[in-house]
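**Q** Quick one: sequence plus predicted model below, questions after.
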Amino acid sequence: MPIAIDDDPGACSVPRGGGWRPGARWARDGTVEDLPAHQRPTMREMGRRSETAPSPFRPARGDEGGAAVMPPPALPPLWDRRPRILIARDGQRDIVSAACPLAQELGLAPGMAAAHARALVPDLDVGNAEPQADAAWLDRLALHAVRHWTPTAAVAGRDGLWLDLSGTTHLFGGEPRFCRRLVAFLQRLGVTAQIAVAGTPGAAHALARFAGRPITIIDSGTETQEIAALPLAALRVTAEALTAAARFGIERIADLYPMPRGPLARRLGLGTVTRLDQARGLAPEPIVPVAPFEVPTAERRLMEPIATPEAITLVIGDLVDELTQTLARRGLGLRAAALVCVRVDAAEQIVPLGTSRATRDAKHLKRMFAMRIETIEPGLGIEAMRLAAPQVEPLGAQSLTSDLIADAHAPDIAPLVDQLAGRVGEHGLFRLTGHESDVPERAVRAQAPLAAPQGWPGWKRPARLLVRPERLSGVVALLPDHPPRRFTWRRQDYRIVAGDGPERIHGEWWLRRTEMWAVRDYFKVEADTGERFWIFRRGDGVEADTGDLSWYMHGVFG
């Protein structure tokens, strides 16, 4: 039976008469190459099911070496990297505690179950989290911040620090420069960081973790506007509060602003309201700073006020015994102590004490305080006493000496030095040491009585060297190389019978520009009365720029 043929198919997508089907504008308007890459049709739409492609095998090199070797295809930048996560034990399951940026791009995030993460990304580099080591590293970084950047620093959670920059950023060139220096410092340690500077700790915490910028600095008082677009998790609220907020459709911090406080506290908890007020600056948020050193302290609060020397001595003895025991447990020795006496009228009197060497000898310390009891003014009575050691040094075990050993150690004169310093003052005892300088008054310096001298000048110097040279008057001398014949010093006339010199000393022009042409000619002279002096003349006697030819007394021999 013949089949009827419809010669008028109507709006057929492929008409018999030729032409293009409706909708293929890329074929009617122009060539495919004229379209952008994202608007070009697929190969199937163009009627082509395959494309010619280069062979995946490299062509073999011919016998004559004429065949070209194709370069290997370019690899993506993350070809040789594996996503890394850290897992921690939480009850009966393992959870992801940290994830690298590549793992986060693949959908992994902290708080996810470790099994779920392995199922999503099979090729994972998994490591065990070490929270104790992380906390110790943050503590070290906080102590470094206290010693170098700001006196107030605290650890913020498990992955951050709080730094109080009030009154300190001008030392580093302002807040932006300080933040850049801090980021560079952490990069040298192999740590990436995000920094936010705000007027409240809560706002700084939120911006540093959710702003998405390496450095964020906002003006004080603009915290409400700056954190409005951040997610609710930026407020450090509990997981239960986040779950409840999701049920009510609350996603951003700005969604909490128009809500009344009463219903908000009932639905999300009072802690959420407190965190919101702290971030906006409406409620205080104290920061407990880290202490670089815990000062050893002993304290006594008395039942009745005391005012007699005997009672004060007894309490000081108890404080010293307790403090030395604390120092022994910590392996420290006392170098400076402060006794604080709190009187009935709330006035405090501080009695300082210093030692020339680290010690925790209770007898020696009691003897030192006994010499200072007369400086205490009890007034109507002392109701509390506190003994602290603000300066200490490590002090370990020491070997004991015996008279039976021939090569016994030299006796320790530190207790004697402390007792003498208690009578004449801390600056009354010193030891001289040499210093690298051409000018005589700068070549000798005073140091602690128990410090080891660093050397002595090779030239002969008088035993008594004046701190400042004293000018002589009535000087009679032949220029330029002869010592004076007579002079007057401290209202007494001297006639010189012998002299030796000159010893020429130039000024330190590399340290002081005013001493560029300075010259001193020193002479050792002996008076008719037997005294021997060390005097000098300013200038060489030829050039006027070297000095005014005035004479000075600088030291006395013998």
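**A** In hand now; what should we look at? Residues are numbered from 1 along each chain as shown.

**Q** give me the number of residues near the closest residue to Ser473 other than its chain neighbours?
**A** Closest residue in space to Ser473, ignoring its immediate chain neighbours: Thr488 at 4.7 Å, by CB to CB, 6 or more residues apart in numbering. All C-beta atoms are positioned from the backbone trio N, CA, C, and that covers glycine. For Thr488, the count of nearby residues is 12 (other CB atoms under 10 Å).

**Q** Sticking with Thr488, tell me its helix or strand.
**A** Remark: Thr488 resides in strand 484-489, with elements defined by DSSP states H and E.

**Q** related to what we said a few turns ago, what pLDDT does the residue nearest to Ser473 get?
**A** Here the pLDDT value assigned to Thr488 is 95.

**Q** Was I right to think it contacts Arg471?
**A** No - look at Thr488 against Arg471 with CB atoms under 8 Å: they stay out of range, at 10.2 Å.

**Q** all helices for this protein, in order.
**A** With DSSP state H as the criterion, the chain has helices at 25-29, 101-105, 114-120, 131-148, 175-188, 201-210, 223-226, 239-247, 261-268, 270-280, 309-330, 362-370, 414-424.

**Q** any idea which of those helices is most buried?
**A** Among the helices of the chain, helix 201-210 has the highest mean neighbour count (mean count of other CB atoms under 10 Å), at a mean of 23.

**Q** residues in contact with it?
**A** 156-157, 160, 162, 194-198, 216, 218, 223, 226-227, 230-231, 233-236, 253, 275, 278-281, 285, 287 (CB atoms under 8 Å, 6 or more residues apart in numbering).

**Q** Now which of those would you call buried?
**A** Neighbour counting over these (16 or more other CB atoms under 10 Å) leaves 156, 160, 162, 194-198, 216, 218, 223, 226-227, 230, 233-236, 253, 275, 278-281 as the buried ones.

**Q** Quote the end-to-end distance of stretch 480-500.
**A** End-to-end distance of stretch 480-500: 14 Å, with CA to CA, to the nearest Å as the criterion.

**Q** Any figure for the gap between Ser166 and Pro151?
**A** For Ser166, the distance to Pro151 (CB to CB, to the nearest Å) stands at 10 Å.

**Q** who has more neighbours, the two?
**A** Higher neighbour count among Ser166 and Pro151: Pro151, with 13 against 9, using other CB under 10 Å.

**Q** so who does the more buried one touch?
**A** Per CB under 8 Å, 6+ apart, neighbours of Pro151: 164, 168, 289.

**Q** give me that answer again for 6 Å
**A** Not one residue lies near Pro151 by CB atoms under 6 Å, 6 or more residues apart in numbering.

**Q** what pLDDT does it get?
**A** Per-residue confidence (pLDDT) for Pro151: 88.

**Q** swap in Glu526?
**A** 94.

**Q** ditto for Gly190
**A** Note for Gly190: predicted pLDDT of 87.

**Q** Ramachandran angles for it?
**A** The phi/psi pair for Gly190 (degrees, to the nearest 10) reads phi 80, psi 30.

**Q** quick one: it and Trp137, what's the gap?
**A** 11 Å.

**Q** before we move on, back to that, the helices of the chain into a markdown table, with extra columns for distance to Leu432?
**A** Below are these laid out as a markdown table (distance: least, CB to CB, whole Å):
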| stretch | distance to Leu432 |
| --- | --- |
| helix 25-29 | 98 |
| helix 101-105 | 63 |
| helix 114-120 | 70 |
| helix 131-148 | 33 |
| helix 175-188 | 42 |
| helix 201-210 | 53 |
| helix 223-226 | 60 |
| helix 239-247 | 70 |
| helix 261-268 | 73 |
| helix 270-280 | 60 |
| helix 309-330 | 32 |
| helix 362-370 | 26 |
| helix 414-424 | 15 |
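
**Q** Show me the beta-bridge partners of Gly434.
**A** Taking DSSP bridges as the rule, Gly434 bridges to Val444.
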